[in-house]
Every structure is written in C-alpha cells, then in structure tokens.
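Novice: Sharing a model prediction with you, sequence too.
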Amino acid sequence: MSKARKTSSDKVRIFDTTLRDGEQTPGVNITPDQKIQIAIKLDELGVDAIEAGFPIVSQGEMQAIKAIALQGLKAEVCGLARAIQSDIDSAIKCDLKYVHTFIATSDIHMQYKLKMTPQQVMDSAVNAVEYAKKHGMQVEFSAEDATRSDRQFLLKVFKAVTEAGADRVDIPDTVGYRTPDYIAQIVKDVKGATDLPISVHCHNDFGLAVANAIAGINAGAACAHVTINGLGERAGNASLEEFVMALEILYNKKHNINAKLIYETSKFVSNTMGIMVQPNKAIIGENAFGHESGIHTHGIINNPLTYEPIAPEIVGRKRWMQAGKHAGAHGIRAMLEDFGIKPTDEQLHKIVEKQKNIADKGKAITTSELLSIAGEMMNNTKFEEKFKLYDFHIVTGMNLIPTAVVRLNADGKDFIASDIGVGPVDAALKAIQKISGELANVKIREYRLDSISGGSDALAEVTVKVEDKNGNVVSAKKAGEDIVVASVQAMMDAINKVLLRKVLYSKS
Ligand code: KIV
Ligand code: ZN
C-alpha cells in the first residue's frame with residue numbers, strides 16, 4: 001500500500017513550491033540537507049505536493065531532490081523542468097515520478113525571451129508532455145505568463161497538452177498582474193478547454209496573490225501553488241498560511257493541512273532560509289495575535305473574539321499583550337490580575353504612570369517588563385533579577401574556533417561556564433544556556449540584529465526571543481555598539497524574564 005496522501009475531490013489540493021519558487025527568493029541559498037529538512041516539515045504539515053526544486057540547475061539541487069524523492073513522504077514530490085528533453089531527463093534522474101514542465105505562452109515572453117513562434121512553443125509543450133509520459137511520469141503543465149497570453153492561443157495549448165496526456169494544467173499569474181475577477185474568468189475559460197484538474201499559481205506583485213488563488217478555487221480550480229511565508233520571486237507567491245486559513249475559515253473549504261503546525265513550519269522555514277517574516281503579516285507575523293491598546297486588551301480579556309478573528313491556538317500560536325502608551329489603567333489592572341497580582345489603586349496609578357513614561361520615549365513594553373515595573377512599584381522582592389552577569393570574555397578570529405567563557409550569579413550561586421560556537425555570539429549564548437539550564441531551561445526561538453545607525457561604529461539592536469519548556473515565549477532587546485555585549489545582555493534579560501514569569505505564575 002502506498003503511503004501517498006490522497007486529496008479527495010472535496011478538498012483543495014495544496015501544491016507547495018517553497019523549495020522551488022520560494023528558493024528563488026532573492027538572497028536565499030540553502031544546502032541540500034536544509035532542503036531535505038524543509039521537505040520533511042512540509043510533509044508533516046500536510047501539503048499534498050512538494051515541488052522540491054529545479055533539477056537541471058546544479059548537481060547539489062539534483063542530489064537534494066533525489067534524497068527528498070526517496071524519503072517515502074506522504075506528499076507527492078515533483079521537480080520543475082522547462083519543456084525540453086534535457087530538463088525532463090534531469091527530473092527522471094532524480095527518481096521523481098512527477099514533473100512540472102512549463103513554457104511561456106505570452107507574446108512578450110515568446111518574442112523577447114524564447115525567441116520562438118507560437119507554433120514552436122505549441123510543439124515544444126506537446127513534445128515535452130509526450131516525452132515525460134513516455135517515461136511514466138505524472139505531468140503537470142504550466143503555461144508561463146498565462147494571464148498575459150492571448151486567450152485563444154492559451155486555450156489551444158492547454159487542449160493540445162491534454163491530448164498529449166498531461167495529468168494537470170496550471171495557470172501561472174507569473175508577474176502577479178491580475179485581479180480576482182480576471183483569475184475567476186480565466187479558470188472558467190480553461191475549464192471549457194480541458195477536463196484536467198486545474199491549478200493556479202499566483203504571484204504577489206500587487207499584494208493580490210492570496211485573493212487571486214482563492215478566486216481561482218472558487219471558479220473551479222482544484223489546486224493552488226503556494227509557499228510558506230509567501231516566499232518567492234520578487235514580491236513572492238500566495239502564502240500557504242493565509243491561503244489555507246482564509247479558505248477554511250472564510251470559505252468553509254476543506255484541505256489536508258494540519259493548521260496547528262502552521263506557525264512552527266513558518267518559523268522553521270524563516271530561520272532556515274534566513275528571511276524574516278514582517279511583524280504585521282497575517283496569521284504568522286509576530287503581531288498577528290498581539291494586542292496593545294487598552295480598549296483591545298480589555299475586550300480580549302472579556303472575550304478574545306472581540307478583537308481576534310480566530311483563536312491563535314488554531315495555528316499553533318499564543319496570544320500576547322503589550323502595555324504600550326494606549327493601554328488604560330483598566331487593561332493594565334486586568335493584565336496584572338491575570339498573573340495573580342493585585343495592586344492597590346495608588347500602586348496601579350504609579351505602574352501606569354511609569355509604563356506610559358517609558359512608552360512615550362518610544363520603547364515598547366512587553367508583559368514581562370510590565371510585571372517587573374509592577375514588582376518595583378509594589379516593593380516586591382520576588383520580582384528581583386535572579387541572573388546577574390559578572391563578566392565574560394571571547395576568543396575569536398580567523399582559523400580559530402570561537403570560544404566564550406562567562407561568569408555569573410544564578411539565584412545566589414556563582415557559576416563559570418565555557419562553550420564554543422559558530423561565532424562569538426553563538427559561543428557566548430551557549431555558555432549562558434549551560435548555566436541557566438537548571439533554573440530556566442530555554443531554547444532560543446529567534447535572534448535578530450538590526451543596525452540603528454550607519455558606519456562601522458553603528459549602534460546595533462539585538463532582539464533575543466526564548467521559549468521555556470511550557471511554550472511561553474519571552475523577548476528581550478538591547479542596543480549597543482558591541483554586538484556581542486548587547487547579545488549577552490539581551491540573553492540575560494530574556495532569562496530573567498522567564499524566571500520572573502515562573503515566580504508569578506506559581507502565584508505563591
Ligand atoms: O511564476 C511562474 O510562472 C512559474 C512557472 C515556472 C510556473 O513559477
Ligand atoms: Zn512562479
């Protein structure tokens with residue numbers, strides 16, 4: 001019995017192209033091993049098909065695609081091939097059973113890129129499909145730039161590849177040039193030309209990729225090509241997270257995705273590919289389930305659905321609240337009461353005053369910071385820092401293994417630890433984690449470095465986000481000219497916040 005995941009006809013097929021179109025994101029370059037790890041994550045997430053790459057581009061790419069094809073994943077694995085035999089041969093050499101072959105059908109591409117006549121394009125498309133079918137492949141055919149192609153010619157090409165034996169056809173909106181109405185109409189027209197299942201492949205150049213993909217599905221397409229975090233050429237592709245959740249929640253459609261793994265997969269891809277997700281990105285952005293204003297936090301405390309369209313847990317996330325300058329005394333009291341902290345009216349007034357003072361200086365305050373202000377204003381020594389740094393030193397250079405030694409006091413006891421790392425920051429943070437382990441076992445979820453000013457003496461801001469063993473995520477920021485010092489301070493701060501949470505949650 002094959003392990004292959006079946007997309008029943010009542011479910012929308014999710015074709016993930018993170019490892020192909022997503023890998024074409026400017027600045028992304030990952031190793032074969034990293035590609036395999038991402039493919040495994042995508043399979044766990046529940047995608048129906050994984051476009052593992054473009055076999056002809058390099059030996060390393062072929063190696064990775066072959067390894068993915070042989071993983072025994074539930075998802076179908078395919079590779080991209082231009083409509084030429086050598087590309088299809090490369091896909092066959094990867095042990096793939098499924099090829100996604102394409103050729104452009106728009107006048108601009110045929111004339112300026114391919115330098116081919118429409119008849120030559122038609123012949124190449126048919127020959128490629130016949131050749132791949134002769135080699136026992138499942139074939140998905142894409143008419144690149146379909147949405148800017150002459151409609152009659154496009155339909156003729158789709159008819160011809162259908163007769164040549166293709167299994168699926170795809171309509172790429174290659175430069176994200178179209179609107180939902182247009183995509184709906186083109187899908188209907190293609191449905192009139194072929195009985196094959198239709199995919200839509202929408203790029204995001206005008207921010208319409210997800211809306212266009214949904215319009216395609218509502219007009220009768222069976223499948224959408226999507227990427228994790230919306231990665232892809234230029235402005236990217238339709239984002240899997242947004243597409244799947246909008247489809248399910250707003251259109252009541254079914255799919256095979258395990259939504260609870262969405263956030264984890266997004267983080268994994270972002271960390272592996274080195275492309276940050278913008279904070280206000282729907283579903284997966286840092287702020288998607290974060291609340292700041294007093295009115296909102298008050299509403300959320302009474303009933304989360306007042307200001308959230310879905311519960312964050314549905315996509316594997318947790319809600320967080322931040323006490324910014326818009327937070328009111330009512331919201332702050334409720335946030336503190338949630339931790340079992342009951343300030344008097346006078347104490348609350350002082351806490352709100354201090355918190356607004358900090359917020360007015362343009363600094364964001366997290367829940368943990370609010371708790372530590374509360375500790376200060378309520379003279380509660382339980383909130384004192386448990387982790388205090390004495391000193392640290394680092395040895396680093398070329399042809400040397402970066403090594404760090406840290407000395408600190410943890411809950412009244414002195415410790416010294418050393419570790420090595422891929423760089424000085426990595427070595428220092430690992431040494432700190434060696435000591436923190438018993439008190440606060442944390443995993444680093446995110447490390448970010450932003451340059452605040454220019455020049456080699458630039459002020460840098462480090463953000464460290466750590467997760468404790470209960471899944472609570474705490475973040476700390478530190479700015480300074482020395483990146484290693486700022487990183488160590490941010491890490492110490494984050495661990496102190498985790499310990500503070502522990503004390504407060506124990507409500508003793
Ligand atoms: O955007 C596009 O047209 C593509 C094709 C290769 C399908 O990615
Ligand atoms: Zn594309």
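Specialist: Looks like it arrived, so ask away. Ligands and ions are numbered 1, 2, ... in the order given.

Novice: Tell me, how many residues neighbour the closest residue to ligand 1 within the stretch 251-400 of the chain?
Specialist: Of all residues in the stretch 251-400 of the chain, residue 273 sits closest to ligand 1, with a separation of 17.2 Å (C-beta to the nearest ligand atom). Any C-beta I mention is one placed from the backbone N, CA and C, and that applies to glycine too. A total of 22 residues lie near residue 273 under the criterion other C-beta atoms under 10 Å.

Novice: Same check on residue 284?
Specialist: The number of residues packed near residue 284 is 27, by other C-beta under 10 Å.

Novice: which residues touch it?
Specialist: 229, 239, 241, 262-263, 266, 277, 315 (C-beta atoms under 8 Å, 6 or more residues apart in numbering).

Novice: how far away is the closest residue in space to it that isn't next to it in sequence from residue 282?
Specialist: By the measure of C-beta to C-beta, 6 or more residues apart in numbering, the closest residue to residue 284 outside its immediate chain neighbours is residue 266, 4.2 Å from it. Counting by C-beta to C-beta, to the nearest Å, the separation of residue 266 from residue 282 is 11 Å.

Novice: Repeat that for residue 320.
Specialist: 16 Å.

Novice: Those two: which is more packed in?
Specialist: Set side by side, residue 320 and residue 282 show more neighbours around residue 320, with 18 against 15, by other C-beta under 10 Å.

Novice: Do you know the pLDDT at the residue nearest to that one when sequence neighbours are not counted?
Specialist: Setting aside the residues directly before and after it, residue 320 is nearest to residue 290 in space (C-beta to C-beta, 6+ apart), at 5.1 Å. In this prediction, residue 290 carries a pLDDT score of 84.

Novice: And residue 338, by the same measure?
Specialist: The predicted structure lists residue 338 with a pLDDT of 68.

Novice: Kindly report the same for residue 383.
Specialist: The predicted local distance difference test score for residue 383 is 64.

Novice: give me every residue that touches the spatially most central residue of the chain.
Specialist: Nearest residue to the geometric centre of the chain (C-alpha atoms, centre = their mean): residue 266, 2.8 Å. Contacts for residue 266 (C-beta under 8 Å, 6+ apart) come out as 228-229, 241, 277, 284.

Novice: what does residue 444 give?
Specialist: Contacts of residue 444 were listed using C-beta under 8 Å, 6+ apart, and they are 429, 433, 464-466.

Novice: From residue 473, how far out is it?
Specialist: When distance is defined by C-beta to C-beta, residue 444 is 11 Å away from residue 473.

Novice: which neighbours do these two share?
Specialist: With C-beta under 8 Å, 6+ apart applied, the overlap between the contact sets of residue 444 and residue 473 consists of 465-466.

Novice: How many residues are close by the residue lying closest to residue 174 once chain neighbours are set aside?
Specialist: Nearest in space to residue 174, with sequence neighbours left out and distances taken as C-beta to C-beta, 6+ apart, is residue 145 at 4.4 Å. Counted with other C-beta under 10 Å, the neighbours of residue 145 add up to 23.

Novice: does residue 145 really touch residue 176, like I thought?
Specialist: No. No contact is recorded between residue 145 and residue 176 when judged using C-beta atoms under 8 Å, the distance being 11.1 Å.

Novice: re the thing from before, how about the contacts made by the residue nearest to residue 320?
Specialist: Contact criterion C-beta under 8 Å, 6+ apart gives 319-322 as the residues in contact with residue 290.

Novice: which ones among these are found in strands?
Specialist: Taking DSSP state E as the definition of strands, the contacts of residue 290 contribute 320-321.

Novice: Now that we have the contacts of residue 290, which of them are buried?
Specialist: Among the contacts of residue 290, those classed as buried by neighbour count (16 or more other C-beta atoms under 10 Å) are 320-322.

Novice: Quick one: those as a markdown table, columns for pLDDT too.
Specialist: Output for the buried ones among the contacts of residue 290, formatted as a markdown table (pLDDT from 0 to 100):
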| residue | pLDDT |
| --- | --- |
| 320 | 77 |
| 321 | 74 |
| 322 | 70 |
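
Novice: export the residues you listed to a markdown table and tack on distance to ligand 1?
Specialist: Below are the buried ones among the contacts of residue 290 laid out as a markdown table (distance: C-beta to the nearest ligand atom, whole Å):
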| residue | distance to ligand 1 |
| --- | --- |
| 320 | 36 |
| 321 | 40 |
| 322 | 38 |
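
Novice: Can you tell me which of those residues is closest to residue 403?
Specialist: Of all the buried ones among the contacts of residue 290, the one sitting nearest residue 403 is residue 320; the distance, using C-beta to C-beta, is 35.6 Å.

Novice: The closest one contacts residue 289, correct?
Specialist: Yes. Under the criterion of C-beta under 8 Å, residue 320 is in contact with residue 289, at a separation of 6.9 Å.

Novice: For residue 270, list the residues it contacts.
Specialist: 229, 276-277.

Novice: Please see if stretch 43-58 touches ligand 1.
Specialist: No. Under the criterion of C-beta under 6 Å from any ligand atom, ligand 1 is not reached by stretch 43-58; the shortest gap measures 8.6 Å.

Novice: now stretch 235-248
Specialist: No. With C-beta under 6 Å from any ligand atom as the threshold, stretch 235-248 lies outside contact range of ligand 1, at a closest distance of 7.7 Å.
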